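S.K.: Below are the sequence and a predicted model; questions follow.
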Amino acid sequence: MRRILPIIVIAQFFCTSIWFGGNAVMDDIAVQFNLSSDYLAYLTNSVQAGFITGTLLFAILGIADRFSPVKIFFICACVAAAFNLMLGLNGTNLSLLFICRFFTGFFLAGIYPIGMKIAADHYEKGLGKSLGFLVGALVLGTAFPHFLKSGFATLPWKYVIFTTSVLSLAGGAVLFSLVPDGPYRKPGQQLKLGAFRHSFKNNGFRAAAFGYFGHMWELYTFWVFIPVMLANYNYHYQTQLNVPLLSFFIIVMGSLACVGSGLLANRFGTKRLATLALAISGICCLLSPIFLQTDSITVLVIFLMIWSMAVIADSPLFSTLVAQNVSLELKGSSLTIVNCIGFSITIVSIQLINIVMTRENAHYIFVVLALGPLFGLYSMLKNSNQDTKST
């Protein structure tokens, strides 16, 4: 039993490395396909759109509850790796580039939320700690392509794509070989189209979902634009920051925050910690104009690391709250549909920032991300007041 969680974490890390693989080498892809830098958002959103489509279909069909989640994880890891690999093949054109990223995202729907479902099936107690490690693996997987980019700076960009594809295949194979379906799994025997609507009637589930949606408004936009923030700093202050390497270290700090929040959840309360993390990340959004214009590189990097930790620390906590406020037979579908809506929100925030950001307002525009934490905090506090009145 002790070996199960490390294996799930490793598999999740390997497989999710393909998520931001395209973003890490976006400059090289832009050169090859004669694209403007604006296509960073479009490329990211093609993955997000695929993920949203996949999670919606998985949730409607109840795939995570009706079939073995371990087998689903393995199949999706292999197919996602194949689509990711196609990015680096000769003859890939612009249309195929976006198709490949879309279907990479589509099959990631069978990796990230399904990985959480597998963990929930194995760890009824201490779920917050388990999901903390699991989301931490996602963060590490998200950051890893930036590390590869910095290490492969003198090699063709396709090496990053090939490496992440191999990692995805390895992650799927490791999990399929060594992890059985969990003892707390309760298979859904039939299609339940109203699963999410039924779960949403639960006040605790609804508050956790709304908190998660507010968190998602900020999270992926922050991740996508970290390299842009650093590149803009280089431009305005004539510095020579190593953007890929710094992006890796800044994002990877969130992995430590996930593990820490998961370990502390039982002691301080899952909901309390989630609310605190959401508040801190919201404050970082509001303070970003000050720190993105600081003359000190050290102050800038420390601020971005603190923001990186706060912006993701609540993610495993919200997932824990969602899982704890839904019936066992609907757990997989409910987690999946919450992910679907959350990632739909990321497309809006990423595209919004991409459209309105200029060289002149780049220091100020990220204040807009505070809208997400504010909405999430309002939802969480409103729910607390309703719970108090009902007792």
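M.R.: Happy to help now that I have it. Numbers count the residues shown, from 1 in each chain.
S.K.: so where is the chain shaky, pLDDT-wise?
M.R.: Low-confidence segments of the chain (pLDDT under 70): 1-2, 23, 36-40, 124-127, 151-155, 186-199, 327-333, 383-391.
S.K.: Mind doing that once more with 50?
M.R.: Filtered on pLDDT under 50, the chain yields the residue ranges 189, 191, 387-391.
S.K.: Now do the strands in it.
M.R.: Under the criterion DSSP state E, strands are not mapped anywhere in the chain.
S.K.: Please name the nearest non-neighbouring residue to Ile297.
M.R.: Thr239 (6.5 Å; CB to CB, 6 or more residues apart in numbering). Placement of C-beta: from N, CA and C, glycine included.
S.K.: in the longest helix along the chain, what's buried?
M.R.: Across the chain, the helix with the greatest residue count (assigned by DSSP state H) is helix 203-237. Buried residues in helix 203-237, counted by 16 or more other CB atoms under 10 Å: 204-233.
S.K.: Quick one: list the elements packing against it.
M.R.: In terms of contacts (3 or more CB pairs under 8 Å, 6 or more residues apart in numbering; DSSP states H and E), helix 203-237 is packed against helix 39-61, helix 195-200, helix 243-268, helix 270-291, helix 297-313, helix 315-324, helix 331-356, helix 371-390.
S.K.: can you pull the buried residues of the fourth one?
M.R.: The neighbour-count criterion (16+ other CB under 10 Å) identifies 270-271, 273-282, 284-285, 287-288, 291 as the buried residues of helix 270-291.
S.K.: Give me whichever of the helices and strands packed on helix 203-237 is most buried.
M.R.: Comparing these by mean neighbour count (mean count of other CB atoms under 10 Å), helix 315-324 ranks first with a mean of 27.
S.K.: returning to that earlier point: want to throw the helices and strands packed on helix 203-237 into JSON lines with distance to Lys158?
M.R.: Converted to JSON lines, the helices and strands packed on helix 203-237 look like this (distance: least, CB to CB, whole Å):
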{"stretch": "helix 39-61", "distance to Lys158": "16"}
{"stretch": "helix 195-200", "distance to Lys158": "40"}
{"stretch": "helix 243-268", "distance to Lys158": "16"}
{"stretch": "helix 270-291", "distance to Lys158": "34"}
{"stretch": "helix 297-313", "distance to Lys158": "28"}
{"stretch": "helix 315-324", "distance to Lys158": "31"}
{"stretch": "helix 331-356", "distance to Lys158": "25"}
{"stretch": "helix 371-390", "distance to Lys158": "35"}
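S.K.: So which of those is nearest Phe144?
M.R.: helix 243-268 (7.4 Å; CB to CB).
S.K.: what's the angle between that closest one and helix 270-291?
M.R.: Angle of helix 243-268 versus helix 270-291, following axes from the mean of the first three to the mean of the last three CA atoms, to 10 degrees, is 150 degrees.
S.K.: before we move on, back to that, I figured the residue nearest to Ile297 hits Leu230, correct?
M.R.: No - with contact defined as CB atoms under 8 Å, Thr239 does not count as touching Leu230 (9.1 Å).
S.K.: related to what we said a few turns ago, and the residue nearest to Ile297, how many neighbours?
M.R.: 11 (other CB atoms under 10 Å).
S.K.: One more: Gly171?
M.R.: 30.
S.K.: can you pull the contacts of the closest residue to it other than its chain neighbours?
M.R.: Nearest non-adjacent residue to Gly171, counting by CB to CB, 6+ apart: Phe14, 3.0 Å away. Contacts for Phe14 were tallied using CB atoms under 8 Å, 6 or more residues apart in numbering; they are Gly141, Leu167, Ser168, Ala170, Gly171, Val174.
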